[in-house]
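A.B. asks: Build me a model:
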Amino acid sequence: MIPEIREKFNAAFTEKKYQDFLKDLDSKHPGSIEFRVAETPVFIPKDFTKKMIDACEAIVDIITDTKFKALTQRAIPKNENVPNENDHTDFIAFDFGICENAEGELEPQLIEMQGFPTLFGFQVYYPQVIEKHFEIPGNFSNYLNGYDSDSYIQFLKEIILGGHQPENVILLELKPHKQKTRIDFYCTQDYVPIQIVCLTELIQEARPDDAVGRGKKLFYEKDGKKIEIKRIYNRIIFDELAQIKDTLGDVVDITQPLDVEWAPHPNWFYRISKFTLPLIRHPYVPKTYYLNEVTQVPHDLENYVLKPLFSFAGQGVIIDLTQKDIDNVKDPENWILQRKVKYADIIKTPDIPAKAEIRIFYFWKKGAPRPIAVNNLARLSKGKMIGVRYNMDKEWVGGSVAYFEK
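C.D. replies: Got it, this is the predicted structure:
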């Protein structure tokens with residue numbers, strides 16, 4: 001996006017540098033990075049960063065509106081509505097494609113958003129390793145709003161712990177040590193010393209000294225000792241849980257009233273999601289409609305995509321859309337019709353240019369009126385979709401980070 005910086009980076013790039021970088025990146029937690037890591041970061045000029053943040057802030061205006069919970073109540077599946085929801089999510093991630101408009105100008109377009117964590121720990125460690133192996137201009141940072149690695153880690157730690165002792169806070173996931181994103185769990189644990197716990201390891205019972213607990217307490221076991229859980233840093237995606245629940249055996253039902261705090265509360269995964277997109281009208285948000293509210297199907301369906309509301313990692317998305325696909329939908333209230341965006345072939349590489357997507361991290365301190373942008377990740381692609389799984393046979397694609405011009 002900044003030609004002189006791109007030319008300089010590419011000219012200095014060698015395969016040996018890249019392999020040395022990957023080896024160094026793997027050294028912290030060997031064998032824990034299963035996804036492809038891109039050969040390059042993305043360099044973002046000031047004006048483009050401002051456009052992304054302006055769009056984020058407009059969406060935050062909607063999320064902070066007093067009517068937002070009522071508008072998004074239907075987003076939460078009835079059998080997954082978890083009690084004791086808090087006032088706001090702790091985290092939001094906004095995904096923007098670097099796109100080309102009708103005039104051929106570059107602009108951000110919101111692809112998705114989630115009231116849920118992403119690679120918050122890894123994206124501290126990863127840029128530090130990049131900067132050891134590749135030259136990054138001094139007036140660029142992966143952080144936003146004046147944050148640096150120390151202040152960012154402190155903020156993350158404050159939100160995850162919520163005032164509790166680390167031993168009483170856990171990172172909860174399904175089979176965490178087999179997840180493709182497990183490197184993030186380990187990096188998070190490096191910065192916030194909490195226990196990584198699988199759903200199958202939760203113990204539910206009343207505390208011995210609690211006459212009214214009625215089995216609403218949760219514990220985990222460490223070194224033969226049961227330790228009470230007071231707060232959960234939640235990494236469980238309920239879509240995934242529903243797919244594998246029958247294989248897990250007798251596990252704690254985390255949708256019941258439990259005597260724990262959540263960061264973030266599971267309901268926010270649904271409230272701030274694809275479900276929210278039709279509520280937004282902004283130049284950098286593609287027009288999106290609930291399929292059941294579409295009275296006239298667009299004549300140019302080739303310019304739209306169809307997305308299921310309740311799926312993750314791009315599963316179920318129909319890109320080359322036809323009327324037959326629309327007709328085959330049995331539950332239109334659970335689908336959105338979204339106008340396609342044109343990703344720009346913007347990142348010059350040794351063969352064909354790559355497309356890019358930037359995920360902006362927002363953290364929300366308890367009681368604060370609004371969340372704040374703090375960090376990011378980037379993903380590079382040469383396929384039809386951005387996810388790592390769609391680019392397995394290509395180079396100069398995969399997980400990355402954006403550096404913003406200060």
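
A.B. asks: And residue 52, how close does it get to residue 95?
C.D. replies: 10 Å (C-beta to C-beta, to the nearest Å). For glycine as for every other residue, the C-beta is placed from the backbone atoms N, C-alpha and C.

A.B. asks: Mutual contacts of the two, please.
C.D. replies: With contacts defined as C-beta atoms under 8 Å, 6 or more residues apart in numbering, the residues shared by residue 52 and residue 95 are residue 358.

A.B. asks: Which one's more surrounded, the two?
C.D. replies: residue 52 (25 against 19; other C-beta atoms under 10 Å).

A.B. asks: tell me the average confidence for stretch 84-97?
C.D. replies: Averaged over stretch 84-97, pLDDT sits at 96.

A.B. asks: Same question for it: list its buried residues.
C.D. replies: 85, 88-97 (16 or more other C-beta atoms under 10 Å).

A.B. asks: if I pick the nearest residue to residue 329 once chain neighbours are set aside, what's in contact with it?
C.D. replies: Residue nearest to residue 329 in three dimensions, not counting chain neighbours: residue 335, with 5.6 Å by C-beta to C-beta, 6 or more residues apart in numbering. Counting by C-beta under 8 Å, 6+ apart, residue 335 touches 290-292, 306-309, 329.

A.B. asks: cool, residue 90 as well?
C.D. replies: Residue 90 touches 159, 263-264, 363-364, 366, counting by C-beta under 8 Å, 6+ apart.

A.B. asks: Can you flag the buried ones in these?
C.D. replies: So, by 16+ other C-beta under 10 Å, the buried ones in those are 159, 263-264, 363-364.

A.B. asks: Mind checking which of these are in strands?
C.D. replies: In this view, the buried ones among the contacts of residue 90 that belong to strands under DSSP state E are 263, 363.

A.B. asks: Turn the buried ones among the contacts of residue 90 into a markdown table, including pLDDT and distance to residue 274.
C.D. replies: Written out in a markdown table, the entries for those read as follows (pLDDT from 0 to 100; distance: C-beta to C-beta, whole Å):
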| residue | pLDDT | distance to residue 274 |
| --- | --- | --- |
| 159 | 98 | 24 |
| 263 | 97 | 22 |
| 264 | 96 | 17 |
| 363 | 98 | 22 |
| 364 | 98 | 20 |
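
A.B. asks: Next, the buried residues of the longest helix along the chain.
C.D. replies: Ordering each helix of the chain by length in residues (DSSP state H) puts helix 46-63 first. Judged by neighbour count (16+ other C-beta under 10 Å), helix 46-63 contains these buried residues: 48-49, 51-53, 55-56, 58-60, 62-63.

A.B. asks: Walking through the protein, point out its helices one by one.
C.D. replies: Using DSSP H, helices in the chain cover 3-12, 15-26, 46-63, 68-71, 122-133, 149-161, 182-191, 238-244, 267-271, 323-327.

A.B. asks: between the ones you listed, which gets nearest to residue 33?
C.D. replies: When the helices of the chain are ranked by proximity to residue 33, the top entry is helix 182-191, at 4.9 Å, counting by C-beta to C-beta.

A.B. asks: which outside residues touch the closest one?
C.D. replies: 28-29, 32-34, 118-122, 124-125, 153, 156-157, 160, 171, 173, 176, 179, 194, 196, 233, 235.

A.B. asks: try it again with 6 Å
C.D. replies: 29, 32-33, 119, 121-122, 125, 153, 171, 176, 196 (C-beta atoms under 6 Å, 6 or more residues apart in numbering).

A.B. asks: burial measure for residue 42, as a count.
C.D. replies: 25.

A.B. asks: I should have written residue 217 there, sorry.
C.D. replies: 20.

A.B. asks: so it touches residue 258, yeah?
C.D. replies: No - using C-beta atoms under 6 Å, residue 217 is not in contact with residue 258; the gap is 7.9 Å.

A.B. asks: which residues are in contact with both of those two?
C.D. replies: In contact with both residue 217 and residue 258: no residue, using C-beta under 6 Å, 6+ apart.

A.B. asks: so where's the stretch 201-350 of the chain uncertain?
C.D. replies: For the stretch 201-350 of the chain, the stretches with pLDDT under 70 are 206-214, 312-314.

A.B. asks: quick one, strands of it?
C.D. replies: According to DSSP state E, counting those that start in this stretch, the stretch 201-350 of the chain carries its strands in the segments 203-205, 217-222, 225-229, 231-234, 261-263, 288-290, 304-308, 335-339.

A.B. asks: Can I get these in JSON lines including distance to residue 22?
C.D. replies: Formatted as JSON lines, the strands of the stretch 201-350 of the chain follow (distance: least, C-beta to C-beta, whole Å):
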{"stretch": "strand 203-205", "distance to residue 22": "39"}
{"stretch": "strand 217-222", "distance to residue 22": "33"}
{"stretch": "strand 225-229", "distance to residue 22": "36"}
{"stretch": "strand 231-234", "distance to residue 22": "28"}
{"stretch": "strand 261-263", "distance to residue 22": "32"}
{"stretch": "strand 288-290", "distance to residue 22": "38"}
{"stretch": "strand 304-308", "distance to residue 22": "33"}
{"stretch": "strand 335-339", "distance to residue 22": "35"}
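
A.B. asks: Nearest to residue 397, out of those?
C.D. replies: Of the strands of the stretch 201-350 of the chain, nearest to residue 397 by C-beta to C-beta is strand 304-308, at 20.5 Å.
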